[in-house]
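For reference, the sequence and a predicted model appear below.
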Amino acid sequence: MTSYAGRLTIAVTADVAALPDFESLVAAVADELQVLVGLSAG
């Protein structure tokens, strides 16, 4: 996770053999971040 100039960047690295549903994890994290952004907006 990196914060720079008012932006937040989150990177996810995974071993596809160990985590075959990697895209599902990334999608779920993105969905929850949208919820948090909505909550912080008011």
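Perfect, I can see it now.

got a list of contacts for whichever strand or helix holds Leu36?
Counting by DSSP states H and E, the element that carries Leu36 is helix 22-41. By C-beta atoms under 8 Å, 6 or more residues apart in numbering, the surrounding residues in contact with helix 22-41 are Ile10, Val12, Ala14, Val16, Leu19. (Each C-beta comes from the backbone N, C-alpha and C, glycine too.)

That one: which residues count as buried?
Across helix 22-41, burial judged by 16 or more other C-beta atoms under 10 Å covers no residue at all.

can you start the count at 9 instead of 1 from here on
Sure, I'll start counting at 9 from here, so that last one is helix 30-49.

Can you list the low-confidence ranges for this protein?
Counting by pLDDT under 70, the ranges of the chain that qualify are 9-10, 50.

repeat that with 80
For the chain, the stretches with pLDDT under 80 are 9-12, 14, 16, 48-50.

ok so, going back, run the chain-centre distance for the helix holding Leu44.
Centroid displacement of helix 30-49 relative to its chain, using C-alpha atoms, centre = their mean, to the nearest Å, is 6 Å.

Ok, stretch 12-23 next?
Put simply, stretch 12-23 sits 8 Å off its chain's centre (C-alpha atoms, centre = their mean).

so how far is the first residue of it from its last?
27 Å (C-alpha to C-alpha, to the nearest Å).

Buried by neighbour count: which residues of that stretch qualify?
Per 16+ other C-beta under 10 Å, stretch 12-23 contains no buried residues.

Give me the phi and psi for Thr17.
Backbone torsions of Thr17, given as degrees, to the nearest 10, read phi -120, psi 130.
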